[in-house]
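**Q** Predicted structure and sequence below. I'll ask about it afterward.
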Amino acid sequence: MKVKILGVSGSHRPGRNTSFLVNEALRAAEAVGDVETAFLELWGKDLRQCDHCDTCILPEKRTDIYKCSISDDFEQIWPLVDEADGLIIGSPVFINTMSGILKVFFDRMRPLIFKGSFTHKVAGAVTVAYERIGGQESTALDILNALRYMECITVAGYCHGGTAISGVPFGPTPFEDDGMAIGVANDRFGLRQVRFTGRKVAEIALLIKAGKLSLGAERMRTFCDGYHPPLSEKDRRWFHALSVTAPIQPSGAGLLDKAAAKSDGGQSDTPGRAATVAQAKGKVVIPVRDERCTACGSCELKCSFRFEKQFNPLGSLIRVTRVDGRSRFTIADDCDGCGQCVRACLYDVLAVGPRR
Amino acid sequence: MAKASFAGGYAGQTLFVDLSSGASWTEAVSEDSARRFLGGQGFATELAYRLIPPQADPLGPENALIFSAGTFLGTLSLGAAKSSCVGKSPLTGTLIACNGGSRFPVMLKMAGYDNLVVLGKSPHPVTLQIDGDQVTLVDARHLWGRDTWETTDAAKAALPDASVACIGQAGENKTRFALILLDKIDTYGRGGPGAVMGSKNLKAIAVRGSRGIRVADRRGFQQLLDRDTKKFMDDPLREDWRELGTMVAWDSYGEVGYSSTNNWGEAFPAEVKGLYGVENYRRVRQASLACPACPLGCKALLDTGVPGRGVTASCALGGGKWYGVMQRVGGWPEVVRCFELHNRYGLDHFSSITLLDFAIDLYERGIIGPAQTGGWVPRRGLEAALEWTEMVTRRIGFGDVMAEGWRGAQAQLGGAAYAVQIKGLDPPFDPRCVLGTETFGELTEARGGHCTHSLSVTILAGRSSDQLRRYALRIGVPADAVARVVFQPPQVANGTTNYFPSRLTKWVQDYNILITSLGACNRPPIVRLYDAAACAEHYRLVTGIDLSVADMMQAAERTWNMQRAILARLGLTRADDAYPPRLLHDSLKVGDKEVPPLDAGQIGALLDQYYDERGWDLQQGWPTPAKLAELGLANVTADLTAAAATS
């Protein structure tokens, strides 16, 4: 039995302090034994911002696909993260929190979140700042909070994980011209926290994997497939079975309504067609599983409802017709890949992808 | 042009087309109409009462054919795609009251019309083209003699993006059980609407439009959709329904005895169960198809053996039941052949095959012989089914007699004791097996023996009192009426165990009229999304009109009473609410069990209860003046008084 630990550096300076620390943590993890490691440097990759189109929220739990409307280097990153049993996430402190690139990394993990990829994943954080008390702890907490939010089992060697100093007293002073020196290499206390964090991620990942093996596949199938909705069929049934015996009455119905209204698919506050085209150039709807299409035309209705504020299939940017027993789609040139039709289809026929 | 005045849902206009003069005009749909009749079947019934004179010849120019789209049609309301087609029936002499889905009624609304009324008779075959405001009659002499598929393709080529309702050769020849095929996917099937179109020389209606349909409360509507979607996705039977359509009920319906042969003599013989069962059905099924905005897709594309030429079955179970069990065509590939022929010729295969079953029975009993059939031997099997279809469609020899439907055939051949029909229409379900609202509804439905408006949870027996009570409350039965309808065993009344099918039927019919008028489908996974309270909320969000549950149920009741009044105006009375003699005298063999015939005394008692629940006159079976006044139908009272005076 082996576990895979993936280290991720969110620094904008490749190969410097953050990379050094993450690799230190990975080395410590390997020392535990039965551990394979991999290291991922985010800088220099084509990583685009999530625009919250919600294509990744599938109507049903699906573990076999990463569904996203954006096509970029995350297509290589998702499998790495998906297959890891443990994660060590490193970031320099940028304005009291993680780096922007790391935030993009987290935001774009949504396709994995909804497929339950993080449910039994262990994760720890290592951070570095120039100053002695320069935001390392709050940044580590921010990273751990994000990971927990994504369903990870977050751990820290002790305290809040590895928090190290790259500047004084161990590294260069602000006015010295050796900003490229790796100051954290001299931070004995910081390194201790980082190594124990790496070790703990590895140990807990081993415990979880051993636990799964010991429980057996049969028993594991009864565990939750992932807590973020959409739930799988069995987890939904589990939830409803509980609801029947102990129905939970929603309190503060007004609040719930408000929340629902916010997620109403952008019906009321959508920008006009021109604005969305400008925002999301280069995307388009693509039929990906047309064999599942029954030509119900919900995509057409939803498209027109968004742009015209009324239902009008012939005015829709996507059109579906049956030709020789198959669905044929016509997608207008000004489709901007907003993904409304993708959500209206309950059978994953459509996806948003790059315009070719 | 009339102007739409609704905040949402309704298109706001009725389009009239007079085929005799070629004129067309519109009328605004009033809010009063909307509140009183809701839409769909309600609107169509109101128009039929107003426009079709009681003495009209169903195949004459004075008959009108009315197409009305349900209120929710055109929106994304899940599974809302149903419309109604109403007119005077050439098969039964009473009412056509069909419900059909497909894109056709949605396009009608997109063109700006809730209702389309076709009047008069064209001097030569025409296609009615409706392109938004442009209404034209196009010469269709070149299409006369073509089947429904060719006609649909031709009409679509002439008006791209249009939806097409058309007839095949059966409608042209006025075979009295000819249907109208909608976009090759659904039908206005029963009672001969296709023959009415044929009599008017109207080959096809092609319609498209892009006026759009609004909803009054967009945000509220979207929330409702999200909620319904979730509910739908949580339905444990959803995938089964999507894959098998109505075939999900093959075994359960069969075992009860609903699939009969030998002219209602024997049900579900052991050898047919597997032969036409789900496993073999899967081999011919190619894909699921859906009406607009329906997430279910219960319709099936069946493999005809020719690539790209699948035939759509709107009710696959009907194929297995009529062609398979009743006619024994041989297997599912043979069933598909029959489906294709009936679809292309535009024939209602329920009536067509049941009439053949009847003819076989008469022939075997010696009541008719080669002299009547012109030498043709009525028999089972694929060959006979195909010959039969050809004969009744083209009115060849014996087929010409049978194309006249139950009344015409009985008048010429006799055999009334063996004809299983109610008011001239053969019922799909056998009341001897289970006497629930479906089968009791067949007795009391205005259009004759059909069950669309009485589908409930009683189609299979054995519902507990609690289940029935919950169901009754869901469909808007007031609490005091629930106590009247459902009771606790061990009280046993009239052979039923824990409820009165008679009294429940009243409410189930009203509820189904409500659902249909709004445009929702009554396939179980869809209808489970709705209940009376949800209908009222849905209606408010879509149209902006606030109606209580009681208001809505009363609107549906108004429609039902008006349909009954149409029958009363024709002189039909309680005597016409009669099960056929065969079901009253002969038993049904189901496996090794004998299901006894119906008890006439019990049926009489049930009818009393039904009329009582409806507030109708017990002797005549007509709505009483008090009931009509309560429903605001005083004009109908005057008409019925006049009808009573002349009869």
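**A** Ah, there it is.

**Q** which stretch of helix or strand covers the closest residue to chain A within the stretch 401-550 of chain B?
**A** Closest residue of the stretch 401-550 of chain B to chain A, Cβ to the nearest Cβ: residue B:542 (10.4 Å). Any C-beta I mention is one placed from the backbone N, CA and C, and that applies to glycine too. In this structure, residue B:542 sits in helix B:532-543 according to DSSP states H and E.

**Q** any idea of the pLDDT on the residue nearest to residue B:454 when sequence neighbours are not counted?
**A** Sequence neighbours aside, residue B:441 is the residue nearest to residue B:454 in space, at 2.3 Å (criterion: Cβ to Cβ, 6 or more residues apart in numbering or on different chains). We have a pLDDT of 95 for residue B:441.

**Q** got any ranges where the stretch 151-300 of chain A has weak pLDDT?
**A** Applying pLDDT under 70 to the stretch 151-300 of chain A flags residues A:174-180, A:243-281.

**Q** how about the strands of it, start to end?
**A** Secondary structure of the stretch 151-300 of chain A (DSSP state E, counting those that start in this stretch): strands at A:153-154, A:162-165, A:283-287.

**Q** what about the longest helix in the chain?
**A** Picking chain A for this. With secondary structure taken from DSSP state H, chain A has its longest helix at helix A:188-220.

**Q** oops, I was thinking of chain B
**A** From DSSP H, the single longest helix across chain B is helix B:549-569.

**Q** Can I get the helix or strand following that one as CSV, trimmed to CA atoms?
**A** Following helix B:549-569 in sequence order, the next helix or strand is helix B:581-585 (DSSP H and E). Presented in CSV, the C-alpha positions along helix B:581-585 are these (Å, rounded to 0.1, in the frame of the first residue of the first chain):
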residue,chain,number,x,y,z
PRO,B,581,-73.4,-6.1,-22.2
ARG,B,582,-70.4,-8.2,-22.7
LEU,B,583,-68.8,-6.8,-19.5
LEU,B,584,-72.0,-7.3,-17.6
HIS,B,585,-72.6,-10.9,-18.6
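
**Q** how much space between residue A:209 and residue A:220?
**A** The spacing between residue A:209 and residue A:220, counted by Cβ to Cβ, to the nearest Å, is 11 Å.

**Q** Tell me, how many residues neighbour residue 121?
**A** Picking chain A for this. Neighbourhood size, residue A:121 [other Cβ atoms under 10 Å in any protein chain shown]: 23.

**Q** if you could check chain B rather than the one you did, that'd help
**A** Counted with other Cβ under 10 Å, residue B:121 comes out at 17.

**Q** try the one 4 residues further on
**A** Other residues within reach of residue B:125, judged by other Cβ under 10 Å, total 20.

**Q** center of the chain, which residue is that?
**A** Let's take chain A. Nearest to the mean C-alpha position of chain A, counting by Cα atoms, centre = their mean, stands residue A:109 at 1.4 Å.

**Q** please go with chain B instead
**A** Nearest to the geometric centre of chain B sits residue B:98, at 3.8 Å (Cα atoms, centre = their mean).

**Q** quick one: what helix or strand has it in it?
**A** With DSSP H and E as the test, residue B:98 turns up in strand B:95-100.

**Q** That strand: what's the following helix or strand?
**A** Taking DSSP H and E, what comes next after strand B:95-100 is helix B:104-110.

**Q** Please see if that next one touches chain A.
**A** Yes. Helix B:104-110 reaches chain A (Cβ under 8 Å from any Cβ of the partner chain) through B:106, B:110.

**Q** pLDDT (mean, whole number) over that helix?
**A** The average pLDDT within helix B:104-110 is 97.

**Q** How about residues contacting it?
**A** Helix B:104-110 is touched from outside by A:312-314, B:11, B:67-70, B:73-74, B:81-83, B:114, B:116, B:130, B:162-165, B:182-183, B:186, B:205, B:207-213, B:292-293, B:519, with contacts defined as Cβ atoms under 8 Å, 6 or more residues apart in numbering or on different chains.

**Q** cool, and stretch B:387-398?
**A** By Cβ under 8 Å, 6+ apart, the residues outside stretch B:387-398 that reach it are B:168-170, B:173, B:175, B:177, B:338, B:341-342, B:345, B:347, B:352, B:355-356, B:359, B:372-374, B:376, B:378, B:399-400, B:402-403.

**Q** filter the residues you listed by proximity to chain A?
**A** For chain A, no contacts are drawn from the contacts of stretch B:387-398 by Cβ under 8 Å from any Cβ.

**Q** Buried ones among those residues?
**A** Using 16 or more other Cβ atoms under 10 Å in any protein chain shown as the burial test, the contacts of stretch B:387-398 include B:168-170, B:173, B:175, B:177, B:338, B:341-342, B:345, B:347, B:352, B:355-356, B:359, B:372-373, B:376, B:378, B:399-400, B:402-403 as buried.
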